[in-house]
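# Compute the structure for the input listed below.
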Amino acid sequence: MLAETVCSAVSAAGLGIAAITAYRRRFLAATRVAAYSLVPVGLVMTGVVQWVSGIVFKPSVWIGFGLLGAAWLLFLATRAVERRGGGTRKERKAAAAARREAVAPEASAPSLGAGRAPAQPAARPQGKPAANEDFSDIEAILKKHGI
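Numbering: from 1, shown residues only. This next block holds a predicted model:
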C-alpha cells in the first residue's frame, strides 16, 4: 500500500512539472515529462509493483538469485578451463604436431608474383659507403613495384 501511494505521488508531481513546462511553451519537453510521470501509475495499476514488492521481501527468492549466480560462475569457470587446457594430453600433442606440419617452410617468404624473377639486391662496392645508404631499402621497394 505504501508503494502505491509513493507511485501516485511521483506521478502527480511529474504531471505538475509537465504543466509548468507546457505553460512556458515547451510542449515537446512537457509531453515527455507527462509520459514519464504516467509510468509509475501504470505499473501500480497492472500489478507489477505488488509483484516486485513480493519478490523483494521473500528470502527464498534471494536464495534463488544466489543459486542462479553460482550456476553462472561455475559455467564461466568451466569454459575458462576448457579454453585454457585444450582437452586431454593426447589431444594437445596432436594439435601441436598438426600446427608444426601445417606451416610450409616457404610460407614466410614474400610473394613475388607469377612469372617474375626475384629482384637481386644491388651489390655495393666494398670501398667507401655511399652517402645515401639509408635510402637503399626504399629504393629497392620502389624498384620492386616498378616505380
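# so where's the protein shaky on pLDDT?
Scanning the chain for pLDDT under 70 picks out 86-87, 101-133.
# Could I get the full set of helices for it?
Counting by DSSP state H, the chain has helices at residues 2-23, 27-46, 48-56, 59-85, 89-102, 136-144.
# Dump the ones you listed to a markdown table, plus mean neighbour count.
C-beta: built from backbone N, CA, C; applies to glycine. Output for the helices of the chain, formatted as a markdown table (neighbours: other C-beta atoms under 10 Å):
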| stretch | mean neighbour count |
| --- | --- |
| helix 2-23 | 14 |
| helix 27-46 | 15 |
| helix 48-56 | 13 |
| helix 59-85 | 10 |
| helix 89-102 | 10 |
| helix 136-144 | 12 |
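# Name all residues that make contact with Ala3.
By C-beta atoms under 8 Å, 6 or more residues apart in numbering, Ala3 lies in contact with 44, 49-50, 53.
# Mind doing that once more with 6 Å?
Residues near Ala3 by C-beta atoms under 6 Å, 6 or more residues apart in numbering: 49, 53.
# quick one: it from Leu74, how far?
35 Å (C-beta to C-beta, to the nearest Å).
# do Leu15 as well
Distance, Leu15 to Leu74, by C-beta to C-beta: 48 Å.
# Tell me how many other residues crowd His145.
By other C-beta atoms under 10 Å, 6 other residues sit near His145.
# how close does it get to Ser136?
Separation of His145 from Ser136 (C-beta to C-beta) stands at 15 Å.
# Grab the most central residue of this protein for me.
Taking C-alpha atoms, centre = their mean, the centroid of the chain lies closest to Leu76, which sits 17.0 Å from it.
# Look up how far Leu28 lies from it.
Applying C-beta to C-beta, the value for Leu76 to Leu28 is 45 Å.
# what does stretch 18-36 contact?
14, 17.
# CA-only coordinates of it in CSV, if you can.
Output of stretch 18-36 as CSV, limited to C-alpha atoms (Å, rounded to 0.1, in the frame of the first residue of the first chain):
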residue,chain,number,x,y,z
ALA,A,18,4.7,18.9,-17.1
ALA,A,19,2.0,21.6,-16.7
ILE,A,20,4.6,24.2,-15.7
THR,A,21,6.8,23.2,-18.7
ALA,A,22,3.8,23.5,-21.0
TYR,A,23,3.0,26.9,-19.6
ARG,A,24,6.5,28.0,-20.6
ARG,A,25,5.6,26.9,-24.2
ARG,A,26,8.0,24.0,-24.2
PHE,A,27,5.4,21.5,-25.4
LEU,A,28,7.7,18.7,-26.6
ALA,A,29,9.5,18.6,-23.2
ALA,A,30,6.2,18.8,-21.4
THR,A,31,4.8,15.8,-23.3
ARG,A,32,8.0,13.8,-22.4
VAL,A,33,7.7,14.7,-18.7
ALA,A,34,4.0,13.7,-18.7
ALA,A,35,4.8,10.4,-20.4
TYR,A,36,7.4,9.6,-17.8
